[in-house]
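Here you go, sequence then predicted model.
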Number of protein chains: 2
Amino acid sequence: MNSVKVKSPATVANIVCGFDILGLCLDNPCDEFTLSLSDKVGVTIENIDEYNLPTDATKNVSGVALLKMLEQEKNIKGFHLISNKIIKPGSGIGSSAASAAGVMVAANYLLSKKYSKQQLVDFAIFGEEVASGAKHADNIAPAVFGGITLIRSNNPLDIISIDYPELFVTILHPQIEVKTADARNILPKEIPLKNAVTQWANVAGLVTGFMQHDYDLISRSLEDVVVEPYRSKLIPYFYEVKNACKNAGALGGGISGSGPSIFMLSRTAETATSVELAMKEVYSKTGIEFHTHISSINKTGVSVV
Amino acid sequence: MNSVKVKSPATVANIVCGFDILGLCLDNPCDEFTLSLSDKVGVTIENIDEYNLPTDATKNVSGVALLKMLEQEKNIKGFHLISNKIIKPGSGIGSSAASAAGVMVAANYLLSKKYSKQQLVDFAIFGEEVASGAKHADNIAPAVFGGITLIRSNNPLDIISIDYPELFVTILHPQIEVKTADARNILPKEIPLKNAVTQWANVAGLVTGFMQHDYDLISRSLEDVVVEPYRSKLIPYFYEVKNACKNAGALGGGISGSGPSIFMLSRTAETATSVELAMKEVYSKTGIEFHTHISSINKTGVSVV
């Protein structure tokens, strides 16, 4: 097998209270990557989408991850990547993670699956660093593993898959730019111990709610007293959207990753549709362009087509 | 039924990283309380132990909890309590919580179990406040519910029981005094966000480890970067004990509640015994008097004899 095509999914990092540690994998949208072994040394990239991402591999998220893997693979000269990005960069639903995770799973397929999923995340993190300036796995882990993942530790990397009940995710993507660096810089360096305790109580509640399939507990635990009060300032009408969605039956939700997308979890597809209507109703009055969509949770992560 | 006798167990609050939110129930030691309905208005207390605790109900942990329940029970004149405290006050294994929780379960038995466990915790918290000056349920909840409990929220009270694998607890009780108020005051009011993230990653890992019966994950998650660095200063030879216990095979452990007791979790009774020996070896050289003991986890909490 010298060539493989994969679909690499969008992801939601943080899941409200789980800042920097939790993430979930979406069924859609997905990027498409076709990766081939190449006789040319290094990584060549061909973009067939509209985003004009760098074709210089050292400046491209997928490219950097592939170069990192090549450092370990002395028997391989290079890769050729045909990149079809569907997930808009900067949307807050893990576009760069999809780029890094997708090509790592593809490369591993070409290498007879010699690497573990955790090793693929380790490589992919170097790609993520190009996009966000930080080595964070909170989008990459759910993209590679699927489902809901916990990153207990970044160094050494410790990723745990968490069981969960059926859930539907409604996403609102306001067409504004929120830079990940700005979203990081707006956060305080220190937080009150009292708020930290509230947060880890909710993190524990959320993880328990997922594993016990307890929708009420999930709903009660979807509260963020640490990050949301700051980052919500970067997203116009955040609280109006959140309130309207909860009134429409959402279990809860908040900022997806560092934004600007807002996500909401619902128990049924019907509720997720009502939540989407509620989002549209709020945002259609704002004059800000936006997209919405609904997804179930992707159990498998990046998949070979 | 006009009289009932209960055994009320010791508990370990915090469980290392879960400051103020997690707790577990021990099989031993247990206090013994005999509670009777009384024609005398209010609460009368008879102590049959060595601790000289107040017999004025308004200054007694059990008394205050019983008085709080009497406010709701207009058909009952009073209670008479025979209190046999076994759990030494100030040891850090939930002595006051056992006093409050025990009499609440006993009273509920006399009242045909009209209150839920969560309501009993609500009453008992008023008793705990007399001892520690704060309305904390992190020892009361595991005493009433048994097993391992999460307090997701104090207001409104939200207690969740968490599944766990077989575990053995080894306790070292140095015979020194650590006041709960001092143990609280030594903590910083603000903590670095970075440390808070590390802590809630470990909390999520610990809860997941318990529920997935994953001993390795439990062990990796038993780390406290927020509270232990401060409170350990109040407990002589804390790190020597901890290191010796981990070398003896303990999964991990730390300060029980606000100390001075140190607890360690082990996978088997044999390891718990090796851990106890390790504790004794370290502490026998310090000149500080101490006790050690081993307990399994109590699944049921306060029990009617």
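It's in. Source: prediction; values computed, not measured.

Tell me the first helix or strand C-terminal of the helix ranked longest in chain A.
The longest helix of chain A (DSSP state H) is helix A:193-211. The element immediately downstream of helix A:193-211 (helix or strand, assigned by DSSP states H and E) is helix A:215-221.

Could I get the average pLDDT for stretch A:295-305?
On average, the pLDDT along stretch A:295-305 is 97.

Give me the buried positions along that stretch.
For stretch A:295-305, the buried set under the neighbour-count rule, 16 or more other Cβ atoms under 10 Å in any protein chain shown, comprises A:Ser295, A:Ile297, A:Asn298, A:Gly301, A:Val302. For glycine as for every other residue, the C-beta is placed from the backbone atoms N, C-alpha and C.

Next, the distance between the ends of it.
19 Å (Cα to Cα, to the nearest Å).

mind checking how far A:Ala204 is from chain B?
Distance of A:Ala204 to chain B, given as Cβ to the nearest Cβ, to the nearest Å: 5 Å.

Residue numbers of the stretch 151-300 of chain A in contact with chain B?
A:151-153, A:158, A:160, A:162, A:187-193, A:196-197, A:199-205, A:207-208, A:211-212, A:217, A:220-221, A:226 (Cβ under 8 Å from any Cβ of the partner chain).

The spatially closest residue to A:Met279 that is not a sequence neighbour bridge partners, please.
Ranked by Cβ to Cβ, 6 or more residues apart in numbering or on different chains and with sequence neighbours excluded, the top spatial neighbour of A:Met279 is A:Leu172, at 4.3 Å. Applying DSSP bridges to A:Leu172 gives these bridge partners: A:Ile262, A:Thr292.

Which residues of the stretch 1-150 of chain A lie near chain B?
Counting by Cβ under 8 Å from any Cβ, the stretch 1-150 of chain A comes close to chain B at A:Cys17, A:Gly18, A:Phe19, A:Asp20, A:Ile21, A:Leu22, A:Leu150.

Give me the neighbour count for the second one.
Residue crowding around A:Gly18 was assessed by other Cβ atoms under 10 Å in any protein chain shown; the count is 29.

The most centrally placed residue in chain A - nearest residue in space that isn't next to it in sequence?
The centroid of chain A falls nearest to A:Thr11 when counting by Cα atoms, centre = their mean (2.8 Å). Excluding the flanking residues, the one nearest A:Thr11 by Cβ to Cβ, 6+ apart is A:Gly94, at 3.7 Å.

among the helices and strands of chain A, which has the poorest mean pLDDT?
The weakest-scoring helix or strand in chain A, judged by mean pLDDT, DSSP states H and E, is helix A:180-185 (a mean of 84).

Quick one: distance of that helix to the chain centre.
On the basis of Cα atoms, centre = their mean, to the nearest Å, helix A:180-185 sits 16 Å off its chain's mean C-alpha point.

now the farthest one out in chain A, which residue is it?
Max radial position in chain A (Cα atoms, centre = their mean) goes to A:Asp39, at 32.8 Å.

What ranges does the stretch 101-250 of chain A have for its helices?
Remark: helices assigned in the stretch 101-250 of chain A by DSSP state H, counting those that start in this stretch are A:117-132, A:140-145, A:180-185, A:193-211, A:215-221, A:228-231, A:238-247.
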